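Undergrad: Quick one, what's the 3D model for this:
(2 chains)
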There are 2 protein chains.
Amino acid sequence: MADTNQTTPSRVTSRHPYPLMRVGIIGGGQLAKMLALEASKLGFSIAVLDPAPDAPAGRLAERQVTGGYFDAAKLQELVEGCQVTTYDIEHIDASEMRRLELAGHTIHPSPGILEIIQDKLHQKLVFEQAGLPVPRFARMDKPDLALMETFGFPLVQKARRGGYDGKGVFVLRNAEEAKQAFAGESMLESMVEIDKELAVMVACGAGGEVRCYPVVEMLFDNRSNLLDLLLAPARITPEQTARAQDLAVQAARAFEGLRGVFGVEMFLTKSGEILINEVAPRPHNSGHYTIEACVTSQYEQHLRAISGLPLGSTELLVPAVMINLLGAPNANGRPCIVGLDEAMAIEGATIHIYGKEQVRPMRKMGHAVIVDQDVERALAKAEKLKAVLKIIGSEDV
Amino acid sequence: MADTNQTTPSRVTSRHPYPLMRVGIIGGGQLAKMLALEASKLGFSIAVLDPAPDAPAGRLAERQVTGGYFDAAKLQELVEGCQVTTYDIEHIDASEMRRLELAGHTIHPSPGILEIIQDKLHQKLVFEQAGLPVPRFARMDKPDLALMETFGFPLVQKARRGGYDGKGVFVLRNAEEAKQAFAGESMLESMVEIDKELAVMVACGAGGEVRCYPVVEMLFDNRSNLLDLLLAPARITPEQTARAQDLAVQAARAFEGLRGVFGVEMFLTKSGEILINEVAPRPHNSGHYTIEACVTSQYEQHLRAISGLPLGSTELLVPAVMINLLGAPNANGRPCIVGLDEAMAIEGATIHIYGKEQVRPMRKMGHAVIVDQDVERALAKAEKLKAVLKIIGSEDV
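TA: Prediction:
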């Protein structure tokens, strides 16, 4: 006879003891800092590995391990005591991370995926294999003029490993310039006639859940190759938006088992094609705007994704423009912010200052997001903000 | 002859050395924690005074002073080294704070204003003097049946000092109940026939700048007297909205020299009048929703206001409902969150867990905000979230 006082729950209700999650982050820069702020909101505790004892995220962490990203003992020290470990940079010891994963530690995105993404050629091969559109490319193990001539000038040479923010990318217009080619392992890419550079953040959660953020438009500084200005949403057609989001989701799905947020940079060519440029397996500079403009920021989303919680809404609540706040051309020493009052008086502006102790020319010291119901007006305000706010140093020359 | 290479700036440009501001906070609870998170975003550094060494805000602070809010030496230790000091609770030593202010320390809101607000009778006298509508009231130094009978039953007796979250508020319906009146210094208020309870956050910056947030509607739990559910915007007419915002700004302006955000609670009576109930000189539970739903959160706004920066936009980007996450009726020991997955799966929900180490029945352990383009749908989602998420303890009886 059934005991009617007992009910069998139709499903198990989640129970999270406290703190809800202990998350390790390799890298303690601005991305880790913004992850740490969202982690604190959620009642998660954070441990950080960074070579700098005063890293921006370190101050918010319950525990900082001071050490290098290729120091096996320090990596092990970090992951022990964390329920899940993630990273805010790609240039870390992926094979050691893979060993730690095999030893039973949870690491997201998986080190196996990181290893592929660390190599720009391998990234491209994955996308090619998945049938996704990429610029025409070729492998070049060492400078080879014949190979380059066959590939066709002008071309873009990219170092396979270690590049970021435009570093390790070289435009070679002819055989003469090719003499200056980068000497290491590289890949060649055809020069694409770019109409716009686009980016999409995709979030991959537990059980195959995928959520896609809006398509954004990126404008780069020609001199520094750094992201100069970002508009959300991109000023493209609804069909182009749908296509870019579809490609971004397919790009993320090309990496089986991926968990976390995933940044996909794309080219919209002058002929109207969308090609995948490269991807980042982590929160991304092109997703900063989600803090102010979307229901769930990329940082909270990353924490949800890697800890197995349901993903949050990626809805854009308001158009936004983001600019990086870089160290002034001669900046050196302790940072000093000039024009902060004027910048903060701009309606809809939010300023983020990362807390880096030293400023250097073009170093990313912070960013600003301007929200406005009209994206063109947001753009004008961002240009104004860029003109009034400068980050100089105490020892400028 | 003029040197044409030199331009005379038409105004002085602000220069902020680094960190941009050192802010002291008396109290290290959830309001201080959310201030600290915004401070970190802005590159401000925080020092906290709290009796608990593991206070939620303490972990985010550069420096925590562990001590009581009436400990003169500890208050002095906090304010020294801070460019501006503020507080997340009213029940602190205002006369000591006034002494520190006279000694040259910057404290916002000013301790003189805090002293008035600490006394509910004095608050009301300020509003009465400013010609602002308040419920009829009278002073009662000790229980006095004749005074109460003259005032008229039913009435509300309020302890003049030390009450919060409905504590220190007593409804006395008749002479019989009046025998149980609170014995200390109190005030009497007429029972208002309440249609809705409203609240408005007002921000007062440097140079008389004032910004007003949307009007919100508060629903209270009858049992605990705690804020149970908050809707932004309030479901009232545009005329009522304008009236409530106007009163809130006037209430803030009734305190000369006020700097910081200022919470104004109001009654919308059944006859359509709006009366000021009481005020809080700090970020307020009724303003939590601003983090997700407004361009500038009340926390960033408070930091802008007290540090002399321009105020930010108070625009509501999306309707929102906020609920407090309270310890379950039998909760005791270390907290454990039940139903977190189900809660976070609700579209538009953001969960804040404060990080308090111990749970107690009805203790504020966190809050949730649900944003939705439709406020009624947000309300339904909030009810669902309340039903699925429970905070229990490791030693529950």
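
Undergrad: Identify the residues contacting residue A:395.
TA: Residues near residue A:395 by C-beta atoms under 8 Å, 6 or more residues apart in numbering or on different chains: A:332-334. The way it works is simple: take the backbone N, C-alpha and C, and place the C-beta from them, glycine included.

Undergrad: how about a cut-off of 7 Å?
TA: Neighbour list for residue A:395: A:332-333 [criterion: C-beta atoms under 7 Å, 6 or more residues apart in numbering or on different chains].

Undergrad: And residue A:371, by the same measure?
TA: A:292-293, A:318-320, A:348, A:378, B:295.

Undergrad: one more time with 10 Å, if that's ok
TA: Residues near residue A:371 by C-beta atoms under 10 Å, 6 or more residues apart in numbering or on different chains: A:232, A:289, A:292-293, A:317-321, A:347-350, A:378, A:381, B:295-296, B:313, B:315, B:317.

Undergrad: Can you flag the buried ones in those?
TA: For these, a burial check counting by 16 or more other C-beta atoms under 10 Å in any protein chain shown picks out A:232, A:289, A:292-293, A:317-321, A:348-350, A:378, A:381, B:295-296, B:313, B:315, B:317.

Undergrad: What about those residues, which are in helices?
TA: A:292-293, A:378, A:381 (DSSP state H).

Undergrad: Dump those residues to a markdown table, plus pLDDT and distance to residue A:300.
TA: As requested, those are exported to a markdown table (pLDDT from 0 to 100; distance: C-beta to C-beta, whole Å):
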| residue | pLDDT | distance to residue A:300 |
| --- | --- | --- |
| A:292 | 98 | 13 |
| A:293 | 98 | 13 |
| A:378 | 97 | 23 |
| A:381 | 98 | 26 |
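
Undergrad: Among those residues, which ones lie close to chain B?
TA: A:292-293 (C-beta under 10 Å from any C-beta of the partner chain).

Undergrad: Which members of the ones in helices among the buried ones among the contacts of residue A:371 define the maximum pairwise distance?
TA: Pairwise distances among these were taken by C-beta to C-beta; the largest, 13.9 Å, belongs to A:293 and A:381.

Undergrad: between those two, what contacts are shared?
TA: With contacts defined as C-beta under 10 Å, 6+ apart, the residues shared by residue A:293 and residue A:381 are A:321, A:370-371.

Undergrad: interface residues of the stretch 201-350 of chain A facing chain B?
TA: Applying C-beta under 10 Å from any C-beta, we find that the stretch 201-350 of chain A lies next to chain B at A:206, A:209, A:291-293, A:295-297, A:300, A:304, A:307-313, A:315, A:317-318, A:333-350.

Undergrad: The same query, at a cut-off of 7 Å, please.
TA: Contact residues (C-beta under 7 Å from any C-beta of the partner chain) of the stretch 201-350 of chain A with chain B: A:295, A:304, A:309-310, A:313, A:317-318, A:334-342, A:344-345, A:347-348.

Undergrad: Can you flag which of those belong to helices?
TA: Per DSSP H, these map to helices at A:304, A:340-342, A:344.

Undergrad: ranking the residues you listed by neighbours, who comes first?
TA: Using other C-beta atoms under 10 Å in any protein chain shown as the neighbour test, these are led by residue A:340, with 26 neighbours.

Undergrad: Contact partners for that residue?
TA: If you count contacts by C-beta under 7 Å, 6+ apart, residue A:340 has them with A:389, B:14, B:16, B:20.

Undergrad: Pull the contacting residues for the first one.
TA: So the one you mean is residue A:389. Per C-beta under 7 Å, 6+ apart, neighbours of residue A:389: A:325, A:337, A:339-340, A:343.

Undergrad: Show me where chain A dips below the pLDDT cut-off.
TA: The model of chain A has pLDDT under 70 over residues A:1-13, A:164-166, A:397.

Undergrad: where along it do the helices fall?
TA: Going by DSSP H, chain A shows helices at A:30-42, A:72-79, A:94-102, A:111-117, A:120-129, A:145-151, A:175-178, A:238-253, A:290-293, A:298-306, A:340-344, A:375-388.

Undergrad: Output these as a markdown table; include the columns distance to residue B:112.
TA: Formatted as a markdown table, the helices of chain A follow (distance: least, C-beta to C-beta, whole Å):
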| stretch | distance to residue B:112 |
| --- | --- |
| helix A:30-42 | 34 |
| helix A:72-79 | 50 |
| helix A:94-102 | 58 |
| helix A:111-117 | 58 |
| helix A:120-129 | 63 |
| helix A:145-151 | 76 |
| helix A:175-178 | 71 |
| helix A:238-253 | 56 |
| helix A:290-293 | 36 |
| helix A:298-306 | 40 |
| helix A:340-344 | 27 |
| helix A:375-388 | 35 |
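
Undergrad: What is the neighbour count of residue A:52?
TA: Using other C-beta under 10 Å, residue A:52 has 14 other residues around it.

Undergrad: and the closest residue in space to it that isn't next to it in sequence, how far is that from chain B?
TA: Excluding the flanking residues, the one nearest residue A:52 by C-beta to C-beta, 6 or more residues apart in numbering or on different chains is residue A:28, at 6.8 Å. According to C-beta to the nearest C-beta, to the nearest Å, residue A:28 stands 13 Å off from chain B.

Undergrad: One more: residue A:358?
TA: To chain B, residue A:358 is 10 Å away according to C-beta to the nearest C-beta.

Undergrad: so which residue of the stretch 251-397 of chain A comes closest to chain B?
TA: Closest contact between the stretch 251-397 of chain A and chain B, by C-beta to the nearest C-beta, is at residue A:353 (2.8 Å).

Undergrad: Contacts only, for that residue.
TA: Contacts here follow C-beta under 7 Å, 6+ apart; on that basis residue A:353 touches A:337, A:365-366, B:20, B:42-43.

Undergrad: Show me which of those is closest to residue B:394.
TA: Set against residue B:394, the nearest of the contacts of residue A:353 by C-beta to C-beta is residue B:42 (36.5 Å).

Undergrad: Next up, the contacts around the spatially most central residue of chain A.
TA: The centroid of chain A falls nearest to residue A:284 when counting by C-alpha atoms, centre = their mean (1.9 Å). Going by C-beta under 7 Å, 6+ apart, residue A:284 touches A:201, A:263.

Undergrad: Repeat the analysis, applying 8 Å as the threshold.
TA: By C-beta under 8 Å, 6+ apart, the neighbours of residue A:284 are A:31, A:199, A:201, A:261, A:263, A:298.

Undergrad: And residue A:372, by the same measure?
TA: Applying C-beta under 8 Å, 6+ apart to residue A:372 gives the contacts A:318-321, A:347-348, A:378, A:381.

Undergrad: can we see that at 6 Å?
TA: By C-beta atoms under 6 Å, 6 or more residues apart in numbering or on different chains, the contact set of residue A:372 is A:348, A:378.

Undergrad: again with residue A:315
TA: Residue A:315 makes contacts with residue A:295, as judged by C-beta under 6 Å, 6+ apart.

Undergrad: let's see 10 Å
TA: By C-beta under 10 Å, 6+ apart, the contact list for residue A:315 reads A:211, A:213-214, A:293-296, B:318, B:347-348, B:371-373.

Undergrad: for the nearest residue to residue A:121 once chain neighbours are set aside, which residues make a bridge with it?
TA: If the residues on either side of it in the chain are set aside, residue A:121 comes closest to residue A:187, at 4.5 Å by C-beta to C-beta, 6+ apart. According to DSSP bridges, the residues that bridge with residue A:187 are residue A:139, residue A:158.
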